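S.K.: The following comprises the amino acid sequence and a computationally predicted model.
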Amino acid sequence: MMDALPAVDFALKNLATGKYVEIHGHFDQGSDVTNMPTVYAEQLGVDLSREQSIDVETVGNRITGYLVNMEMEFGGAQFNAPVLFRDTSTGPLLGSDPILRNFTVVFEGGKVMFFPASGSQTVLSLKMLALRLATTLGAK
């Protein structure tokens, strides 16, 4: 399944501790929320024992995790987004909701491209966006 999802690079920053982690994962257009293994919560200094657990319905499954608001960096933009930390062996999955609010996503010819959404309030670095514009499907 992971090979079918476009590879992306993004970063998360814990708003409370200031800890920052760069992440290589996959864009999961079928998931609204970014899903992260709990090991990343530890790296970001998030104490999950202090967070409220929630149950989430997925396709044919019910999972439990911890929803935490994080600062996200993607495509030269910074914005706040909820992140679901959960016990999983699945790698990081960048959810579609924060991306679709800030970018127009185009799938074409085996590539996925991210363009700043018109009317977005996000301040974009065009140089960083150009570097990440042509992320290909299955890139390693």
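M.R.: Right, received. Where do you want to start?

S.K.: Centroid-nearest residue for this structure?
M.R.: With distances taken as Cα atoms, centre = their mean, the residue of the chain nearest its centroid is residue 94 (2.8 Å).

S.K.: which strands and helices sit next to the helix or strand hosting it?
M.R.: Assigned by DSSP states H and E, residue 94 belongs to strand 93-95. Contacts defined by 3 or more Cβ pairs under 8 Å, 6 or more residues apart in numbering; DSSP states H and E place strand 93-95 against strand 20-28, strand 34-37. Just so you know, the C-beta spots here come from the backbone N, C-alpha and C atoms, and that holds for glycine as well.

S.K.: what ranges do the helices span in this protein?
M.R.: Ranges of helices in the chain, per DSSP state H, are 38-43, 96-102, 126-132.

S.K.: Would you mark the buried spots in the second one?
M.R.: So the one you mean is helix 96-102. 96, 98-99, 102 (16 or more other Cβ atoms under 10 Å).
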